[in-house]
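1. Sequence plus the predicted model coming up.
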Amino acid sequence: MINTQMMKKNNPHSELIGLTKKELILRFGDEFNFYPDDLWIYLINKNFLGKKTFLVVLFKDNMVINVNITKTYGKFKKTGL
């Protein structure tokens, strides 16, 4: 079992941990995320050089268990997560 209290202490986006998929959609919209998927990605920012900032949300049993910010140039690749 995943200890969500420990994850909340170590994550700067801890306010999202424990939300359901429906609650997350109310805050951010669906942004082309496939509802049954356990990994959702939101584009947060894009600068003039093409650097993109993504919010990566991981679900288990339709509840957020982990949230990360990832910065990259070009497309975000889901492989290896």
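-> That came in fine, so what should we check first? Residues are numbered from 1 along each chain as shown.
2. hey, let's count contacts and neighbours off CA atoms from now on
-> Will do.
3. Just list whatever residues bridge to the spatially most central residue of the chain.
-> Computing the C-alpha centroid of the chain and ranking residues by CA atoms, centre = their mean puts Val57 first, at 2.0 Å. For Val57, the beta-bridge partners are Trp40, Val67 (DSSP bridges).
4. okay, it: pLDDT?
-> Per-residue pLDDT puts Val57 at 94.
5. who's in contact with it?
-> The contact partners of Val57, by CA atoms under 8 Å, 6 or more residues apart in numbering, come to Leu39, Trp40, Ile41, Val64, Ile65, Asn66, Val67, Asn68.
6. Quick check: PyMOL command selecting the buried ones in those residues.
-> Buried members of those, defined by 16 or more other CA atoms under 10 Å, are picked up in PyMOL with:
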select buried, resi 39+40+41+64+65+66+67
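7. biggest separation within the contacts of Val57, which pair?
-> The two members of those with the most space between them (CA to CA) are Ile41 and Ile65, at 14.0 Å.
8. Near the closest residue to Lys46 other than its chain neighbours, how many other residues are there?
-> Spatial nearest neighbour of Lys46, excluding adjacent residues (CA to CA, 6 or more residues apart in numbering): Lys52 at 4.4 Å. By other CA atoms under 10 Å, the residues close to Lys52 number 18.
9. unless I'm mixing things up, Lys52 is touching Leu43, no?
-> Yes: the pair Lys52 / Leu43 is scored as a contact, 7.2 Å apart, by CA atoms under 8 Å.
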